[in-house]
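Peer 1: Need the 3D shape of this:
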Amino acid sequence: MPVRPVLLAALTAAMLGTAAGPAGADPSETLTVDPVGRIAPDGTITLSGTYRCTPGTGPVFVGSSLSQADPRVKHGIGGSGARCDGAEHRWQNSGTVSSEALTAGPAHVQATLLELRPTGIVPLPAFHAVTEQDITLAQD
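Peer 2: Numbering: from 1, shown residues only. The predicted structure is shown next:
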């Protein structure tokens, strides 16, 4: 597996587990989650929304996770690249959950707009925006 998706998944999972928001984030930076997510017959979950962020110095990603019956159990649902140019853009992440089946119905999403800023050997994460929202998973 390529290093970039693994690094993104690990950083997103670690940061989504925290309740802290983006300290010092620009108030014009936003991240939303659509109120309805999709669950395909094969179990693929698709989440979407919008984001707006200001230019940075490193690559930026939208990461998302979903929980259902037990809020302590979060399932990473993909990650996608983001373009930070001050304009509003759509994001969409898809993924399958291997350990536990999710079903149509109420769910909770956490999403993060995260930049990996170059700081020597290892890039450090910097939050642009973080959001949480209750949604409905609808069967395709």
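Peer 1: can you give me phi and psi for residue 45?
Peer 2: As for residue 45, its main-chain torsions (degrees, to the nearest 10) stand at phi -100, psi 140.
Peer 1: these two touch, right, it and residue 135?
Peer 2: No - using Cβ atoms under 8 Å, residue 45 makes no contact with residue 135, being 10.6 Å away. The C-beta positions use only the backbone N, C-alpha and C, and glycine is treated the same way.
Peer 1: export stretch 92-99 as CSV, just CAs?
Peer 2: The C-alpha coordinates for stretch 92-99 follow below in CSV (Å, rounded to 0.1, in the frame of the first residue of the first chain):
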residue,chain,number,x,y,z
GLN,A,92,-16.6,13.1,-1.1
ASN,A,93,-15.0,10.1,0.7
SER,A,94,-15.9,6.5,0.2
GLY,A,95,-14.7,3.4,2.1
THR,A,96,-15.8,0.0,3.3
VAL,A,97,-15.8,-1.2,6.9
SER,A,98,-14.2,-4.6,7.4
SER,A,99,-14.7,-5.3,11.1
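Peer 1: what about residue 45 and residue 135, which has more around it?
Peer 2: Shown here are residue 45 and residue 135; by other Cβ atoms under 10 Å, residue 45 has more neighbours (22 against 17).
Peer 1: Just give the closest residue to the more buried one, not the sequence neighbours.
Peer 2: Distances taken as Cβ to Cβ, 6 or more residues apart in numbering place residue 77 nearest to residue 45, at 5.1 Å, with adjacent residues excluded.
Peer 1: That neighbour contacts residue 48, correct?
Peer 2: No - with contacts counted by Cβ under 8 Å, residue 77 stays clear of residue 48, the gap being 10.4 Å.
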